[in-house]
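Have a look at this fold, sequence not included:
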């Protein structure tokens, strides 16, 4: 559960600061090469996230408080945004596109993704009254569909029919790859559980699409400025979460109680993933992000076979093939513009 | 097993005679409407086949000998071909395209599909040393891929890249829909088992593609003449099978021992399915046949929910969605000619 929380917040979540050399110079990256690099980075970072989790589980239970780790992730991303901005100001001077101060009108939208995730994470505690944890993992694949639908409706971007078919396949393929002997229980989910799962998928999809809208609203705006605002609010919300959930633990045992080398690696990884998500949102889109994290899920399983001796199921192979075909169809089905 | 044998021979198998009104008149059918009707008929007949099997199992064990039933299926199809031809000769007189007698050159190819099935059915007894029956059902989905590959190589017909993707999805979707908690055992299949499964898939695919080649070699040739020759050899091979496998039983208990109303329905159904397969081969192709029987597999499961209170698994739903998307992609991906 701890993992899910930290993972949800970062990966489904808002953008982040960037230490990337190209964007440090404040120029739009050279796409599609840059897009491919960032997408690859996101995929690798997301897979290694899950692998770090398994590793840390092997090493023992989580002893640190997850809220403090989340707060540090946001802080690290904020710091990286500022560092990148400082470099840009040095090289290019302060311009309209890279100045930190901005109008209330522009800033007011930045806390919205964070609020959406807060609501979603609150709902998460209630959905377990209706679904067990593996069932919830299965239902989370609804995010794929909700992201696609909201991407179409809110951002008004078109996917070709082949690409829609590919998106449905991506959802089916990911779910198939996660099937195990208990998965059928999810079919017994009561109506309330389904409704909550759908609402959560919509919240998550909406947060992603909204972040993309923020990042792209002013394309010339330096990504580090956008990230700074996004993550200042992320820090604020996580500070509130520490006070509500872990105030006593932090007061009695200290902020860094239970931190280990793996914890530090995980925080670093989450911060870098956040950066990658943010860049994908600005220079690519939510669809690319969904594909990237789905492929990462499969990569994680394959790497786990070698690292931890996991066994792959037939369902995993079938799901992986369906996901691979989906990736192919997404690119083959590109609309001619 | 009995069911599989009778099913394999008919449905994967050669064409058959036709009582269809259009083809009775010896004219090529009015495609694509006719193609759609025949494809629909094949789908419905194939699903009801499986449902008849479940029904007959509920009613008790098979007591009749399967070889005699297979022989009667071939005989019935032969009889229908002759009846159709008689009508055509009456209406239109004997022409080059509807005369029964033909050259040795033309006839010599007709027993080949039957021989291929014979070899495949023999192999079937040996593969069970390596795979259990549910595992074999899973491996049989390799037929889909082998049919596609041989269709491309032997008939030299092109599928678009999207259609190839759709074909891979069809195979994955059908397999996913059949997954159950024991399916993973198929991954432990030893190399010999895999080789035999692949050889059997190739034999089955080759028989299908070869039948299509025979049916289309002379498009003007009346389908009933082609069916007559195909099924005369079917009768001959099944007569040999009776002698080898069930000679004592037939001699002691009689040819029709254990026949019931359901047995008669099944024979009728198999004969009609054979007719539909034959028409699909002549007027459509192996690809259409594979889609048709795959969709029939799903239909059977859905109908069984209502008829027999079967439960559908999550894997079934996912597989069905993948198959549906595959059907869509096959049609959306048609090559522009």
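The structure has been received and is ready for your questions. This structure is a prediction, so every number in the text was calculated from the model and none was measured. Residues are numbered from 1 along each chain as shown, chains lettered A, B, ... in the order given.

Return the backbone torsion pair for residue A:283.
Per-residue torsions, residue A:283: phi -100, psi -20 (degrees, to the nearest 10).

That one: how many residues sit nearby?
23 (other Cβ atoms under 10 Å in any protein chain shown). For every residue, glycine as well, the C-beta is placed using N, CA and C.

in chain A, which spans are helices?
Secondary structure of chain A (DSSP state H): helices at A:2-7, A:21-24, A:33-59, A:66-92, A:104-107, A:111-127, A:133-139, A:142-154, A:161-177, A:191-217, A:223-253, A:261-283, A:286-308, A:314-332.

Before we move on, what's the pLDDT of residue A:29?
Note for residue A:29: predicted pLDDT of 51.

I meant residue A:182, not that one.
84.

out of everything not next to it in sequence, what's closest to it?
residue A:134 (6.0 Å; Cβ to Cβ, 6 or more residues apart in numbering or on different chains).

Quick one, grab the pLDDT at that neighbour.
Here, the pLDDT recorded for residue A:134 equals 82.

Distance-wise, check it relative to residue B:158.
According to Cβ to Cβ, to the nearest Å, residue A:134 stands 44 Å off from residue B:158.

Residue A:152 now?
The gap separating residue A:152 from residue B:158 is 33 Å, by Cβ to Cβ.

between the two, who's got more neighbours?
Relative neighbour count places residue A:152 above the other of residue A:152 and residue B:158, with 16 against 11, counting by other Cβ under 10 Å.

Excluding sequence neighbours, find me the nearest residue to that one.
residue A:159 (6.6 Å).

ok, now which ones touch that neighbour?
Residue A:159 sits next to A:148, A:151, A:152, A:167, A:287, A:333, A:335 when contact means Cβ atoms under 8 Å, 6 or more residues apart in numbering or on different chains.

try 10 Å
A:148, A:151, A:152, A:165, A:166, A:167, A:287, A:330, A:333, A:334, A:335 (Cβ atoms under 10 Å, 6 or more residues apart in numbering or on different chains).

now do residue A:136
Taking Cβ under 10 Å, 6+ apart, one finds A:1, A:4, A:124, A:127, A:128, A:130, A:186, A:189, A:193, A:196, A:197, A:200 in contact with residue A:136.

try it again with 6 Å
Residues near residue A:136 by Cβ atoms under 6 Å, 6 or more residues apart in numbering or on different chains: none.

how close does it sit to residue A:124?
Distance of residue A:136 to residue A:124, given as Cβ to Cβ: 8 Å.

just residue A:192 next, same as before
14 Å.

Check residue A:173 too.
For residue A:173, the distance to residue A:124 - Cβ to Cβ - is 24 Å.

Neighbour count: those two, which is higher?
More crowded of residue A:173 and residue A:124, by other Cβ under 10 Å: residue A:173, with 30 against 16.

per-residue confidence at the more buried one?
Note for residue A:173: predicted pLDDT of 97.

didn't it look like it was pressed against residue A:322?
Yes - under the contact definition of Cβ atoms under 6 Å, residue A:173 touches residue A:322, with a separation of 3.3 Å.

give me the number of residues near residue A:104?
Look at residue A:104: counted by other Cβ under 10 Å, it has 6 neighbours.

now the one 10 residues further on
Using other Cβ under 10 Å, residue A:114 has 23 other residues around it.

Ok, the one 5 residues further on next?
Counted with other Cβ under 10 Å, the neighbours of residue A:119 add up to 13.

what's the closest non-adjacent residue to it?
residue A:203 (6.0 Å).

Am I right that that neighbour is in contact with residue A:120?
Yes - at 4.3 Å, residue A:203 and residue A:120 qualify as touching, with contact defined as Cβ under 6 Å.
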